[in-house]
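K.L.:
Any chance you could fold what I've pasted below:
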Amino acid sequence: MKKVVVHVREDGRRDVENALEGLRYTISLVQDVYEITTYTPEENLDNLIEKIRDKLDLEHPENMIEVSSPDFVVSSLLERFEKDVDGQEETTPVEKLLDTIKGYETLDLDKLALTSIAGLIALSGLLLDNETIIIGAMLLSPIMGPIYGFAVYAALGMIQDALRCIGVLAALLLGVFVLAAVATFLISLVMPLGPTDEITTRLVLNPIYTLMAVLLGFAAAVAFNKGTTEVIAGVAIAAAIIPPTVVAGFIQILDPIQLFSSALLVIGQIVGLMAGALVAVALLKIEPRRPHEKAVARRYRKWSVVTTIILFALLLWLTTFMWI
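P.N.:
Numbering: from 1, shown residues only. All right, here's what the predicted structure looks like:
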């Protein structure tokens, strides 16, 4: 159950009441601004917000829509509403999605530090041939955010923010690659290094890795959309992309000849994860509210999907060719 409070000026009050036709609501006047309060099941929230936004002029700073989750509501009327919508598909409001991914399009020191530390820990696990340490390192990495942010921004037609998310992802992985290369070089000065079993398995190109990345991207995006925290949803993503990036940095120092195949594996994982996330947001029907915004979003979404499919097909062909 959600509580919706609409703050509206006198000249827009009637329009908002028309949007709430059929619902029970209360009205109070606070400093020349009306506060209209109603309750709705979560399944109806997105449609209700769309109706209110169509009637509410948000150009005025006094007008706003406030949504919150009360601990509980005791009402026979609301219980009947919940029974009526029982079984309907629940959709996440666009505003909530945007709030969820806010900040993923910007690079900050915290993200860079956490990802770099995760890379160093993963390098330790790779050198020690310890899978537990490698997986444990993934708990620190915030790598899921930019991938999910890219998919949602692309679905909403916010292409500049989507490209910024790709830039943030590239910067984070570049930091991991450089740090892994520097650490490998420094360690090699004091002790001999060689590829362990965990490193060797990430040097073999296999098209199954790319297909697995698609499934991981899809599953993580769905989990993230349903409210799963980034740490939990991102572990699988980080496990799929951080160790191969660390291996690429390791190989850059000890065996540069294999860098191409290692880099190709990393790129294949990235494209696969993005492809899976795009499929997920499409099936979740994430799109803008207004018709003209939907048209723009569809155009950009098609561009993103076509580009991703071409890259995915190319990488899949390359990995299959080199694997054979």
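K.L.:
Helix or strand for L278, just tell me which one.
P.N.:
helix 259-283 (DSSP states H and E).
K.L.:
quick one: least confident helix or strand in this structure?
P.N.:
helix 76-85 (a mean of 58; mean pLDDT, DSSP states H and E).
K.L.:
mind checking how far the residue nearest the centre of the chain is from L186?
P.N.:
What sits nearest the mean C-alpha location of the chain, by Cα atoms, centre = their mean, is Y148, with 1.7 Å. In this view, Y148 and L186 are 34 Å apart by Cβ to Cβ, to the nearest Å. Placement of C-beta: from N, CA and C, glycine included.
K.L.:
which residues touch L278?
P.N.:
The contact partners of L278, taken as Cβ atoms under 8 Å, 6 or more residues apart in numbering, are 151, 154-155, 301, 304-305, 308.
K.L.:
quick one on the thing from earlier: chain neighbours aside, what residue packs nearest to the residue nearest to the centre of the chain?
P.N.:
Sequence neighbours aside, F224 is the residue nearest to Y148 in space, at 5.1 Å (criterion: Cβ to Cβ, 6 or more residues apart in numbering).
K.L.:
Count the neighbours of the one you found for me.
P.N.:
27 (other Cβ atoms under 10 Å).
K.L.:
How about T201?
P.N.:
When neighbours are counted by other Cβ under 10 Å, T201 comes out with 13.
K.L.:
now do E42
P.N.:
E42: 16 neighbours (other Cβ under 10 Å).
K.L.:
same question, G175
P.N.:
Counted with other Cβ under 10 Å, G175 comes out at 18.
K.L.:
buried stuff in whichever strand or helix holds it?
P.N.:
Taking DSSP H and E as the criterion, the element that holds G175 is helix 159-190. For helix 159-190, a neighbour-count test (16 or more other Cβ atoms under 10 Å) marks 159, 161-162, 164-166, 168-169, 172-173, 175-177, 179-181, 183-184, 187 as buried.
K.L.:
give me the number of residues near D32?
P.N.:
D32: 8 neighbours (other Cβ under 10 Å).
K.L.:
Contact partners for it?
P.N.:
Counted by Cβ under 8 Å, 6+ apart, D32 has contacts 9-10, 62.
K.L.:
got the angle between the helix holding L278 and helix 159-190?
P.N.:
Here helix 259-283 runs at an angle of 150 degrees relative to helix 159-190 (axes from the mean of the first three to the mean of the last three Cα atoms, to 10 degrees).
K.L.:
still on that earlier bit, tell me which element the residue nearest to the centre of the chain is part of?
P.N.:
helix 144-155.
K.L.:
Extract the C-alpha set from that helix and format it as PDB.
P.N.:
The C-alpha coordinates for helix 144-155 follow below in PDB (Å, rounded to 0.1, in the frame of the first residue of the first chain):
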ATOM      1  CA  MET A 144      26.300  -3.300 -11.300                       C
ATOM      2  CA  GLY A 145      25.200   0.300 -10.900                       C
ATOM      3  CA  PRO A 146      26.500   1.700 -14.200                       C
ATOM      4  CA  ILE A 147      25.300  -1.400 -16.200                       C
ATOM      5  CA  TYR A 148      21.700  -1.200 -14.800                       C
ATOM      6  CA  GLY A 149      21.800   2.600 -15.100                       C
ATOM      7  CA  PHE A 150      22.800   2.300 -18.800                       C
ATOM      8  CA  ALA A 151      19.900   0.000 -19.500                       C
ATOM      9  CA  VAL A 152      17.300   2.100 -17.700                       C
ATOM     10  CA  TYR A 153      18.500   5.400 -19.200                       C
ATOM     11  CA  ALA A 154      18.500   3.800 -22.700                       C
ATOM     12  CA  ALA A 155      14.900   2.600 -22.100                       C
END
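K.L.:
Packing partners of that helix?
P.N.:
helix 94-101, helix 159-190, helix 207-225, helix 230-254, helix 259-283, helix 291-323 (3 or more Cβ pairs under 8 Å, 6 or more residues apart in numbering; DSSP states H and E).
K.L.:
Now tabulate those in a markdown table and tack on distance to S69 and mean pLDDT.
P.N.:
Below are those laid out as a markdown table (distance: least, Cβ to Cβ, whole Å; pLDDT from 0 to 100):
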| stretch | distance to S69 | mean pLDDT |
| --- | --- | --- |
| helix 94-101 | 11 | 72 |
| helix 159-190 | 27 | 92 |
| helix 207-225 | 17 | 80 |
| helix 230-254 | 20 | 78 |
| helix 259-283 | 23 | 85 |
| helix 291-323 | 27 | 71 |
